[in-house]
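1. need a structure here:
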Amino acid sequence: MSYIAVIGAGSWGTTLASLLSEKGYEVTLWTHVPDLAVSINKERMNSTFLPGFKLPPMLNASFDGRELSTARYILNTVPTQFIRTIFNRIRPHMDDQAIIVSASKGIENSTLLTPSMILGELLGRPVSVLSGPSFAREVADKKPAAVTLATGDPKTGLLLQEIFNTDYFRVYTHDDITGVEIGGALKNVIAIAAGICDGLGLGHNSRAALITRGLSEIIRLGLKMGANEVTFSGLSGIGDLVLTCTDMQSRNFTVGHKLGKGMKLADIISRTQSVAEGIATTLSARQLAARQSIEMPIIEQVYLALYEGKSPADAVRELMNRSLKSEFQRY
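-> As a prediction, the model looks like this:
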């Protein structure tokens, strides 16, 4: 039996499942890997994605979708490119009245849809979004964090706010689902660029410039897609961007750092267990920029460095030598 089902047993899914279980909810942590579920239940630890962190005794891991039939709330933490496959698999077991929340960040390559859009299309019901600056390990260690919960219905937002909020995990409500998801997705691409700068040893000035101009690109695309500009000044915008662009805990920053140090993308991926969403999101963001007829020069250079073998140093040089213009232009 489960009241809340968390889909995806990566570091973030495991952390949120633990948080909810400690609040007294009956929680099932679902994974598509049977051995991982068995290991979690036996060892009381997710040694693959959250090693060293003891899980609550009442938290149950499962790979059998039938447990999902009793879940009143379903929380998605599956990497974006796999959401469609996973939810097509488990959809027959889900309660048609379950409230859906997504905590994934990215844009699907084949459709250019965000996680809530994918789930809305598959399940035919509203989807709320949880996002913001939140490294899983720090939340698991109960270090203070604040995030945004975006919903299309205020009553649902207040209900979910109470469910997720703790004395170390503060939840704010918002109504701009599109803006929250665009900020959460594109900050990962900018974080790769920030990691490249760090790997090249370019200093703090370059990182500050990159974060600021990266935010401008995120806003530019977000507004074209109907987002509220103020969203990008909040936790799911500048907050998440700064966090992801300034610490090696960020998988995307780490990917960029290794690129800046001269490693090839294929080698980086082969040695990385967790998914760095920004790698795939770069493809989607570039396509969205073309679709919306807007310039996103940082994202373009990240694409060239990731997929066209462009030298990271040449990518930086090209950004610095673009034609001069006013800082604040109409979006």
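
2. what helix or strand is Thr28 on?
-> strand 27-30 (DSSP states H and E).

3. could I get that strand in CSV with only the CA atoms?
-> Taking C-alpha atoms only, strand 27-30 is exported to CSV below (Å, rounded to 0.1, in the frame of the first residue of the first chain):
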residue,chain,number,x,y,z
VAL,A,27,5.7,6.1,0.4
THR,A,28,6.7,3.7,-2.3
LEU,A,29,9.9,4.4,-4.2
TRP,A,30,9.5,2.9,-7.7
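
4. That one: what's the following helix or strand?
-> helix 34-43.

5. Mind listing what's buried along that next one?
-> Within helix 34-43, the residues scored as buried using 16 or more other CB atoms under 10 Å are 36-37, 39-40. Just so you know, the C-beta spots here come from the backbone N, C-alpha and C atoms, and that holds for glycine as well.

6. mind listing the strands for the chain?
-> Here the chain has its strands, by DSSP state E, at 4-7, 27-30, 60-62, 73-76, 99-102, 127-131, 145-150, 169-174.

7. Would you check how far apart Glu108 and Val180 are?
-> 17 Å (CB to CB, to the nearest Å).

8. So what are the structural domains in the protein, by residue number?
-> 4-175, 178-320 (automatic domain parsing).

9. Tabulate the ones you listed (a markdown table), appending mean pLDDT and distance to Gln329.
-> Below are the domains of the chain laid out as a markdown table (pLDDT from 0 to 100; distance: least, CB to CB, whole Å):
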| stretch | mean pLDDT | distance to Gln329 |
| --- | --- | --- |
| domain 4-175 | 97 | 24 |
| domain 178-320 | 96 | 9 |
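
10. Distance to Phe328 for those - can I get that in JSON lines?
-> JSON lines is the format used below for those (distance: least, CB to CB, whole Å):
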{"stretch": "domain 4-175", "distance to Phe328": "25"}
{"stretch": "domain 178-320", "distance to Phe328": "9"}
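
11. Of those domains, which is nearest Glu327?
-> domain 178-320 (8.4 Å; CB to CB).

12. from the middle of its chain, how far away would that closest one be?
-> 13 Å (CA atoms, centre = their mean, to the nearest Å).

13. what's the span of that domain, first residue to last?
-> 31 Å (CA to CA, to the nearest Å).

14. try stretch 79-95
-> Per CA to CA, the first residue of stretch 79-95 is 22 Å away from its last.

15. In that stretch, which of the residues would be classed as buried?
-> Neighbour-count burial for stretch 79-95 flags 79-81, 83-84, 86-87, 90, 93-94 (criterion: 16+ other CB under 10 Å).

16. Likewise for stretch 174-191?
-> Buried-residue list, stretch 174-191, by 16+ other CB under 10 Å: 174, 176-191.

17. ok now do the closest residue in space to Pro79 that isn't next to it in sequence, which residues does it touch?
-> In this structure, Pro79 finds its nearest non-sequential neighbour in Val275, 4.3 Å apart by CB to CB, 6 or more residues apart in numbering. By CB atoms under 8 Å, 6 or more residues apart in numbering, Val275 lies in contact with 10, 79, 251.

18. Compute the number of surrounding residues for Arg271.
-> 9 (other CB atoms under 10 Å).

19. do you know how far it is from Phe135?
-> With CB to CB as the criterion, Arg271 and Phe135 are 20 Å apart.

20. now the buried residues of stretch 79-95 in a markdown table, with distance to Leu149?
-> Listed next are the buried residues of stretch 79-95 as a markdown table, based on distance: CB to CB, whole Å:
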| residue | distance to Leu149 |
| --- | --- |
| Pro79 | 20 |
| Thr80 | 19 |
| Gln81 | 24 |
| Ile83 | 19 |
| Arg84 | 23 |
| Ile86 | 22 |
| Phe87 | 20 |
| Ile90 | 23 |
| His93 | 25 |
| Met94 | 21 |
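
21. Please flag which of those residues sit within helices.
-> 83-84, 86-87, 90 (DSSP state H).

22. Which one of these is nearest to Ser62?
-> Ile90 (10.6 Å).

23. okay but that closest one is in contact with Trp30, surely?
-> Yes - Ile90 is within contact range of Trp30, at 7.2 Å (criterion: CB atoms under 8 Å).

24. who touches both of the two?
-> 7, 65, 68.

25. Go through those residues and name the one nearest Ser21.
-> Nearest to Ser21 among those, with distances taken as CB to CB, is Ile7, at 15.1 Å.

26. okay but the closest one is in contact with Asn76, surely?
-> Yes - between Ile7 and Asn76 there is a contact at 5.2 Å, judged by CB under 8 Å.

27. who has more neighbours, those two?
-> Between Ile7 and Asn76, Ile7 has the larger neighbour count (other CB under 10 Å), namely 28 against 25.

28. so what's the spatially most central residue of the chain closest to, chain neighbours aside?
-> The residue lying closest to the centre of the chain (CA atoms, centre = their mean) is Lys105, at 2.7 Å. Excluding its sequence neighbours, the residue lying closest to Lys105 (CB to CB, 6+ apart) is Gly184, at 3.9 Å.

29. With that, I have no additional questions.
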